[in-house]
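Chemist: Just a sequence and a predicted model for now, questions to come.
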Amino acid sequence: MYGQYYLLVFFCLRVGAVVTPTIPQSPEQQAYATILKALADVKQSRVNLAAQVTRSREQFDTINGQLRYFEDSCICGRNNTVAFNSFLSKNAANFGIQQPIYFDNITLNLGNGYDTRHGVFRAPRNGTYAFSTSVTTPASNQIAVEIVKNGEQLVQLRTLNDYMWSMATNVVNVYLIKGDDVWVRHSAIGDANALSVDDGLYTSFSGFLIHT
């Protein structure tokens, strides 16, 4: 067998043919070569899989970031709604200048923005908010109040001083940064100030998030 192989090589050299001779492999060599190729294929598959995992992780991080953004900005769901209604539960009088009015009776507080302990609404997120307040005074009394943002006046309202109950209401829209405070306070001194609730919800402070 090997004599024929050498004759073939000698013949190719004589005629000038460019031939790369192939030495016959034993079954053991063929099996070893097959194993090496399989190992190389496995190694390449691992490299490809690692690259795919990296791409998938990057895509997941991107999608997760987008979902968080939409969750923070969406106001369509109940969990993202911010709204509150608060009322004065008992008559009050003799307010000092710039004294906050604590509306202690809460009927709605979605988003937990209103704090009854201090009578202050604290914005849980950035956005445009609407606030309104109504005050009622008994006969022969008058009061002036204002809605303020971080201590700065937004709107003011005043009841009449006559021989009948008097009511005043005002509304304001304002853009708030998360953490901004809004509350109602007495804005004048020397008036016969008194607030009445009687048997109804006449004196109130409410607000809600319009849009982020």
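Modeler: Yep, that arrived. Predicted model, so just to flag it, every value in this text is computed and none were measured.
Chemist: Going by C-alpha atoms from here, please, whenever you check contacts or count neighbours.
Modeler: Noted.
Chemist: for the helix or strand encompassing Gln153, what is the average pLDDT?
Modeler: Remark: Gln153 resides in strand 152-158, with elements defined by DSSP states H and E. Computed over strand 152-158, the mean pLDDT rounds to 94.
Chemist: list the helices and strands that strand packs on?
Modeler: Here strand 152-158 touches strand 144-149, strand 166-176, going by 3 or more CA pairs under 8 Å, 6 or more residues apart in numbering; DSSP states H and E.
Chemist: Of all the ones you listed, which one is nearest Lys90?
Modeler: Closest to Lys90 of the helices and strands packed on strand 152-158, according to CA to CA: strand 166-176, at 16.1 Å.
Chemist: Which pLDDT does the model give the closest residue to Ser89 other than its chain neighbours?
Modeler: In this structure, Ser89 finds its nearest non-sequential neighbour in Asn105, 5.6 Å apart by CA to CA, 6 or more residues apart in numbering. At Asn105 the predicted local confidence, pLDDT, stands at 91.
Chemist: In contact with Asn105, which residues are there?
Modeler: For Asn105, the contacting residues are Ser86, Phe87, Leu88, Ser89, Thr116, taking CA atoms under 8 Å, 6 or more residues apart in numbering as the criterion.
Chemist: circling back to that earlier point, kindly export the strand holding Gln153 (C-alpha atoms) in PDB.
Modeler: Presented in PDB, the C-alpha positions along strand 152-158 are these (Å, rounded to 0.1, in the frame of the first residue of the first chain):
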ATOM      1  CA  GLU A 152     -45.700  82.500  48.300                       C
ATOM      2  CA  GLN A 153     -49.200  83.800  47.700                       C
ATOM      3  CA  LEU A 154     -51.100  82.300  44.700                       C
ATOM      4  CA  VAL A 155     -54.600  83.600  45.100                       C
ATOM      5  CA  GLN A 156     -56.600  85.400  47.800                       C
ATOM      6  CA  LEU A 157     -60.200  85.500  48.800                       C
ATOM      7  CA  ARG A 158     -62.300  87.400  51.300                       C
END
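Chemist: now the angle from it to strand 144-149?
Modeler: Counting by axes from the mean of the first three to the mean of the last three CA atoms, to 10 degrees, strand 152-158 lies at 160 degrees to strand 144-149.
Chemist: if we can go back for a sec, please report which of the contacts of Asn105 has the highest neighbour count.
Modeler: For the contacts of Asn105, counting by other CA atoms under 10 Å, the largest number of neighbours falls to Ser86: 24 neighbours.
Chemist: strand partners of the helix or strand in which that one is found, parallel vs antiparallel please.
Modeler: In the assignment (DSSP H and E), Ser86 maps to strand 83-87. Sheet pairing for strand 83-87, assigned by DSSP bridges, gives strand 105-110 (antiparallel), strand 204-211 (antiparallel).
Chemist: quick one: average pLDDT of whichever helix or strand comes after that strand?
Modeler: For strand 83-87, the succeeding helix or strand toward the C-terminus, using DSSP H and E, is strand 92-93. When pLDDT is averaged over strand 92-93, the result is 82.
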